[in-house]
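J.: Provide a 3D model corresponding to the input given below.
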Amino acid sequence: MQSNDFIVARQDLETCRTISTERPDRDALPSDALLVKVDRFAFTANNITYALLGEQLKYWQLFPAPDGFGIIPVWGFGDVIASRNPAVAEGERLFGYFPMAAHLCIEAADISKRSLRDAAAHRQGVAPVYNAYARIGGDAGFAGRQGDHQALLRPLFMLSFLVDGFLAEQMHFGATTVILSSASSKTAFGLAHLLHTQRRGIRVIGLTSPSNAAFVCSLGCYDEVVTYDAVDTLDATTRAAFVDMAGHAGLRAALHRHYGDNLVYSGRVGLTHQDGSDDATPLPGARPSWFFAPDQIRKRAKAWGPGGVETRLQAAWRDFAPRLDGWLTITDARGPEAVRRVYLDTLNGRVPPHEAHMLTMAD
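T.: Below you'll find the predicted structure:
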């Protein structure tokens, strides 16, 4: 049986295509394995970050592809269509990290009532969250648009939640202002929501392009919205922490030079913006550093004990999720050509901030 995989050239992300692959039948599956039909998945700018960091953070090894190419991981839903594992029935629905493909073979292990893990050898050596699948049959929180919200924003909101907790733990490095670039991005407005609702005496400023300013203002979770060409109007006498959502080297340098030593934290979260600026020149203020979510997850899990991270995340999500219907318009698209179009539009920054995409490889 044939299946489809969407692959991209690792060194030239503009080069992409759909290829046909062999889909194993039930009898050809390894012992305890599952064959999962990938039903639908979210695609956002965060997936571009996965591609840009594919070598560095081992994302490319999760789903093998032909030499020189990679399959970008996505968050979404799949249905078990064949099972050689007596603990997992055919027809079960899973939520987790899937390839941009029509099918996935999972070597199921560590099976519990609510979850399982893919134990395939090539998927080891990455953060455990990337190999975990939730068993979501009958869970209303993953049904309909609520489920789409989970796929589109829950992984990003986890990042927002972790950054918020990190900043709070560090007392915001003594800052009275937190500045977020790419303020229209889902990770940014999730973090802005948390910072704004916690009311810790922190002023939240969102930086965005002029074309996205109206949308960012409409969210209501920023105290001030400033366009990129006006960063020199910010009050540089205040102590500020900067969270860089897109890896915009030119913007980062401008903020460091504007605030000088009053820029007390400069954390990089994303890498979707490639502006060609020199990223190696020493800058005034705090030294830019990467925020690596898996390290923070491990730290929180140790401090909060079993289930502690998920319990606290769920409480924060319950407050955040009801706002999403008013902020986002979700578009469903099917088939390889639709996947290619959304991928290239996202790669090239052509997706309006209020649009969100759920995709399916099968026509």
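J.: ok, Ala188 to Ile19 distance?
T.: As defined by CB to CB, to the nearest Å, Ala188 lies at a distance of 34 Å from Ile19. All C-beta atoms are positioned from the backbone trio N, CA, C, and that covers glycine.
J.: equivalent analysis for Gly76, please.
T.: 19 Å.
J.: give me the more crowded residue out of these two.
T.: For Gly76 versus Ile19, the count of surrounding residues by other CB atoms under 10 Å is larger for Gly76: 26 against 15.
J.: check which helix or strand the more buried one maps to.
T.: Using DSSP states H and E, Gly76 sits in strand 73-83.
J.: that strand pairs with which strands, parallel or anti?
T.: strand 33-43 (antiparallel), strand 93-99 (antiparallel) (DSSP bridges).
J.: mind putting those strands in TSV, mean neighbour count included?
T.: As requested, the strands paired with strand 73-83 are exported to TSV (neighbours: other CB atoms under 10 Å):
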stretch	mean neighbour count
strand 33-43	23
strand 93-99	24
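J.: for the ones you listed, which one sits closest to Phe320?
T.: When these are compared by CB to CB, strand 33-43 sits nearest Phe320, at 16.0 Å.
J.: could you dump the closest one to PDB, C-alpha only?
T.: Taking C-alpha atoms only, strand 33-43 is exported to PDB below (Å, rounded to 0.1, in the frame of the first residue of the first chain):
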ATOM      1  CA  ALA A  33       3.700  -1.800  16.700                       C
ATOM      2  CA  LEU A  34       0.900   0.300  15.600                       C
ATOM      3  CA  LEU A  35       0.100   1.700  12.100                       C
ATOM      4  CA  VAL A  36      -1.500   5.100  12.600                       C
ATOM      5  CA  LYS A  37      -3.300   7.200   9.900                       C
ATOM      6  CA  VAL A  38      -2.400  10.800  10.400                       C
ATOM      7  CA  ASP A  39      -5.800  12.500  10.400                       C
ATOM      8  CA  ARG A  40      -5.100  16.200  10.800                       C
ATOM      9  CA  PHE A  41      -2.300  18.400  12.100                       C
ATOM     10  CA  ALA A  42      -1.500  22.000  12.900                       C
ATOM     11  CA  PHE A  43       1.000  24.000  11.000                       C
END
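J.: including distance to Arg135 and mean pLDDT, could the strands paired with strand 73-83 go into CSV?
T.: Below are the strands paired with strand 73-83 laid out as CSV (distance: least, CB to CB, whole Å; pLDDT from 0 to 100):
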stretch, distance to Arg135, mean pLDDT
strand 33-43, 11, 97
strand 93-99, 6, 97
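J.: for the stretch 251-363 of the chain, which segments count as helices?
T.: Ranges of helices within the stretch 251-363 of the chain are 293-304, 308-320, 324-327, 336-347, based on DSSP state H, counting those that start in this stretch.
J.: tell me the pLDDT at the residue nearest to Phe320 when sequence neighbours are not counted?
T.: Residue nearest to Phe320 in three dimensions, not counting chain neighbours: His193, with 5.7 Å by CB to CB, 6 or more residues apart in numbering. We have a pLDDT of 96 for His193.
J.: low-confidence ranges, the stretch 251-363 of the chain, go.
T.: 270-280 (pLDDT under 70).
J.: hmm, try it at 50
T.: Within the stretch 251-363 of the chain, the stretches with pLDDT under 50 are 273, 275-278.
J.: residue contacts, Leu195?
T.: Leu195 sits next to 164, 167, 178, 202, 204 when contact means CB atoms under 8 Å, 6 or more residues apart in numbering.
J.: quick one: the helix or strand hosting the first one to chain centroid distance?
T.: Applying DSSP H and E as the criterion places Asp164 in helix 144-169. Its chain's C-alpha centre lies 8 Å from the corresponding centre of helix 144-169 when counted by CA atoms, centre = their mean, to the nearest Å.
J.: I'd like to know which elements the helix or strand following it is packed against.
T.: Sequence order places strand 177-180 as the next helix or strand after helix 144-169, per DSSP H and E. Applying 3 or more CB pairs under 8 Å, 6 or more residues apart in numbering; DSSP states H and E, one finds that strand 177-180 makes contact with helix 186-198, strand 203-208, strand 240-244.
J.: turn these into TSV, including distance to Asp5.
T.: Below are the helices and strands packed on strand 177-180 laid out as TSV (distance: least, CB to CB, whole Å):
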stretch	distance to Asp5
helix 186-198	26
strand 203-208	35
strand 240-244	32
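J.: in a markdown table, list the helices of the stretch 251-363 of the chain along with mean neighbour count and distance to Ala253.
T.: A markdown table is the format used below for those (neighbours: other CB atoms under 10 Å; distance: least, CB to CB, whole Å):
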| stretch | mean neighbour count | distance to Ala253 |
| --- | --- | --- |
| helix 293-304 | 15 | 25 |
| helix 308-320 | 15 | 32 |
| helix 324-327 | 15 | 31 |
| helix 336-347 | 18 | 24 |
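J.: including distance to His172, could the ones you listed go into JSON lines?
T.: As requested, the helices of the stretch 251-363 of the chain are exported to JSON lines (distance: least, CB to CB, whole Å):
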{"stretch": "helix 293-304", "distance to His172": "16"}
{"stretch": "helix 308-320", "distance to His172": "18"}
{"stretch": "helix 324-327", "distance to His172": "25"}
{"stretch": "helix 336-347", "distance to His172": "31"}
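J.: for Leu255, find the nearest of these.
T.: helix 293-304 (22.6 Å).
J.: return that closest one as CSV; C-alpha atoms alone will do.
T.: Once non-C-alpha atoms are left out, helix 293-304 reads as follows in CSV (Å, rounded to 0.1, in the frame of the first residue of the first chain):
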residue,chain,number,x,y,z
ALA,A,293,12.2,24.4,26.9
PRO,A,294,13.1,20.7,27.6
ASP,A,295,15.6,21.8,30.3
GLN,A,296,12.9,23.9,32.0
ILE,A,297,10.4,21.1,31.8
ARG,A,298,12.8,18.7,33.5
LYS,A,299,13.5,21.3,36.2
ARG,A,300,9.8,21.9,36.8
ALA,A,301,9.0,18.2,36.8
LYS,A,302,11.7,17.6,39.5
ALA,A,303,10.4,20.5,41.6
TRP,A,304,6.7,19.8,41.3
